[in-house]
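Colleague: below are the sequence and a predicted model; questions follow.
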Amino acid sequence: MPETMPDWYWPTFFLFVALLVLYAPKTWRYLHSYIGFGFVEFDRNCNGSGIFIKTMLPNGPAVQAGFLVGDLLITFGGTPMDFENRESMDAFWKSVRAKLKNNERVTCRVKRGDSEETLVVEATILFLYLNGGRDARSI
């Protein structure tokens, strides 16, 4: 190892640190990591119990477990998915997310057409790029 650094080393190092300090916090606020299943958009069934799966992360844990867009989620970990309003549904998912551990498996019942299926989905660390720094509503 040389006893002295090349002339370009320290100016380049300080420039890199300055850029990191200035721009990294702005970039980090757009990246969101959480432990979840990859359900991105879902909505309460207005005609009864269940939650409609509207969109999922491509190749996410939910897709790998066999969920399809349009499935009606009937139970999640033994809890029936019948909520009075959107706020109670959001509160349920918030409590699930708070207790969830990486690689935790959850058994779900879904209704697909006229048949019901049991699927097991595994929680995983997911990363989302948030458009404009808004909070994600996915699980």
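Modeller: Sure thing, it's come through.
Colleague: distance check, residue 82 against residue 76.
Modeller: Residue 82 is 11 Å from residue 76, where distance means C-beta to C-beta, to the nearest Å. No exception for glycine: its C-beta is placed from N, CA and C like everyone else's.
Colleague: cool, residue 15 as well?
Modeller: 50 Å.
Colleague: before we move on, the earlier item: neighbour count winner among residue 82 and residue 76?
Modeller: Legend: neighbour count by other C-beta atoms under 10 Å for residue 82 and residue 76, higher for residue 76 (21 against 15).
Colleague: could you say which helix or strand contains residue 22?
Modeller: According to DSSP states H and E, residue 22 maps onto helix 9-28.
Colleague: now residue 58
Modeller: For residue 58, there is no host helix or strand (DSSP H and E).
Colleague: give me the neighbour count for it.
Modeller: Counted with other C-beta under 10 Å, residues neighbouring residue 58 total 8.
Colleague: ok, now residue 50?
Modeller: Using other C-beta under 10 Å, residue 50 is surrounded by 21 other residues.
Colleague: ok, residue 75 next?
Modeller: 18.
Colleague: which stretches of the protein form helices?
Modeller: Ranges of helices in the chain, per DSSP state H, are 9-28, 61-65, 86-99.
Colleague: tell me the most buried of the ones you listed?
Modeller: helix 61-65 (a mean of 19; mean count of other C-beta atoms under 10 Å).
Colleague: enumerate the beta-bridge partners assigned to residue 120.
Modeller: Beta-bridge pairing for residue 120 (DSSP bridges): residue 107.
Colleague: list the contacts of it.
Modeller: Residue 120 makes contact with 65, 105-108 under the criterion C-beta atoms under 8 Å, 6 or more residues apart in numbering.
Colleague: where's it relative to residue 37, distance?
Modeller: Relative to residue 37, residue 120 is positioned 11 Å away (C-beta to C-beta).
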